[in-house]
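Colleague: Requesting a structural model of the entry that follows:
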Amino acid sequence: MHSSMQSDSTRFRRRPLGFTLIELLVVIAIISVLIALLLPAVQSAREAARRTQCINNLKQIGLALANYSDVNGVLPPTAIAAPGAAITNNFGMKFRILGFMEQAVLHNALNFSVGLNDGPNDTVATAQVKTFLCPTDVNVPIGNYKWKNGLGSFQWGYQSYPNNIGTMSSVAGNRFDGPAYHMGVNNDNLASPVRLSSVADGLSNTAIFSEWVRGKNENPGSPGLHQVYEANIAWPGNKTTTPLDTFMSDCLASTKIFDDSGKGWDNKGMKSGNHACGEGGGYSHVMLPNTKACVFNAEGTSANHTMVGASSLHPGGVNAAMLDGSVKFIKSSVSRATWRAIATMDGGEVVSADSL
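Modeller: Below you'll find the predicted structure:
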């Protein structure tokens, strides 16, 4: 009997340990469910971090703008020309404040006596300033090159943060009604510098910078910058002075691509230092955030891209820097009246805190 009991004990100890197939499948299913639950949270946390960085970028730009104003008494222009003449000093607002945002080396390398496209400014024109880039937007304008003094082609510095020119110059007395301004440009009557004291609507109620999804400089059949926000800018044709809502309706209804050669105007943000609206300079508040963009060629050379609005890949809206240095998140569902009210600097509109 003792031998039999020992044999049974030996057999019991030798039984293999481990999971059965069913147990293993259950464990795998539980892990899969946990991953499925955690992944959106991780992605959300990453986007929250990117959005915070985007806000910090706009705060840095806004602070530099305030420091520029303190030193010079005025906001920086987004272009300068002799009265009645074409633009020759075509540097946008962001390049004029480089010296106030820890980019003194780049600012000192600028030669304001010639244009941005000229050889002496090659180094700065092709520099990539991290503060000018929204980390959520990974688009890079392809084929966006500048030939530098026979040394080869180099990527232009691109950017995410355009300055606010207001609404449409053709319905605003042939001028920009936002705080950005072209100084001395003949077809914009607002030729004098803008001071913070002249912003009648209040600094906290007037936007100065927002963001847009950069273009890829691709043709209409390509994915473009982001199809949800209209990769290719439409061209509804010649337009004259008309209510803003009519401009908006015409834009939304248009299907014609701007460039008659068949290539979409898909180079938003391609030159960070340039003054041109939709390229390196201005955006407008005609279209609501994250909606279609259009070009009206009757608007004139300095304002023909004023229906290029704000957009972002942040869920639900865009960041906007106000003249008081604050940064606000504006929902895509913001009302037309509120969106246009924060565009103008002396429109006399009342903007309530809960409307943004």
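
Colleague: What ranges does the stretch 251-356 of the chain have for its helices?
Modeller: Under the criterion DSSP state H, counting those that start in this stretch, the stretch 251-356 of the chain carries helices at the ranges 336-341.

Colleague: where do the strands sit along it?
Modeller: Remark: strands assigned in the stretch 251-356 of the chain by DSSP state E, counting those that start in this stretch are 282-283, 317-322, 327-331.

Colleague: I'd like to know the average pLDDT value across stretch 144-161.
Modeller: In this model, stretch 144-161 carries a mean pLDDT of 80.

Colleague: Can you name the residues in contact with that stretch?
Modeller: The contact list for stretch 144-161, computed with C-beta atoms under 8 Å, 6 or more residues apart in numbering, reads 54, 57-58, 61, 94, 117, 119, 122, 124-129, 132-134, 137, 140-141, 209-212, 214, 217, 267, 269-273, 280, 321. Any C-beta I mention is one placed from the backbone N, CA and C, and that applies to glycine too.

Colleague: Over to it now: how far is its first residue from its last?
Modeller: End-to-end distance of stretch 144-161: 18 Å, with C-alpha to C-alpha, to the nearest Å as the criterion.

Colleague: Counting neighbours, show which residues of it come out buried.
Modeller: For stretch 144-161, burial by neighbour count (16 or more other C-beta atoms under 10 Å) applies to Asn144, Lys146, Phe154, Gln155, Trp156, Gly157, Tyr158, Gln159, Ser160, Tyr161.

Colleague: Please name the spatially closest residue to the third one (chain neighbours excluded).
Modeller: Ranked by C-beta to C-beta, 6 or more residues apart in numbering and with sequence neighbours excluded, the top spatial neighbour of Phe154 is Thr126, at 4.4 Å.

Colleague: Look at the one you found and report its pLDDT.
Modeller: For Thr126, pLDDT reads 89.

Colleague: if I pick it, what's in contact with it?
Modeller: Lys146, Lys148, Phe154, Gln155, Trp156, Gly157.

Colleague: Determine which two of these are furthest apart.
Modeller: For these, the maximum inter-member distance is 12.5 Å, found between Lys148 and Gly157 (C-beta to C-beta).

Colleague: And the helices in the stretch 1-150 of the chain, which stretches?
Modeller: So, for the stretch 1-150 of the chain - with DSSP H, counting those that start in this stretch - the helices run 2-13, 21-72, 93-96, 104-109, 122-125.

Colleague: Run through who's touching the fourth one.
Modeller: This means helix 104-109. Phe95, Leu98, Gly99, Asn121, Thr123, Val124, Ala127, Val129.

Colleague: Nearest to Arg46 among the residues you listed?
Modeller: Val129 (22.9 Å).

Colleague: how far away is the closest one from Gly309?
Modeller: Here Val129 is placed at a distance of 23 Å from Gly309 (C-beta to C-beta, to the nearest Å).

Colleague: for Tyr161, same thing?
Modeller: Distance of Tyr161 to Gly309, given as C-beta to C-beta: 14 Å.

Colleague: More neighbours: Val129 and Gly309, which one.
Modeller: Taking neighbours as other C-beta atoms under 10 Å, Val129 and Gly309 compare with Gly309 leading, 28 against 20.

Colleague: how close does the closest residue in space to the more buried one that isn't next to it in sequence sit to Thr167?
Modeller: In space, and not counting its chain neighbours, Gly309 is closest to Met287: 4.0 Å by C-beta to C-beta, 6+ apart. Distance of Met287 to Thr167, computed by C-beta to C-beta: 10 Å.
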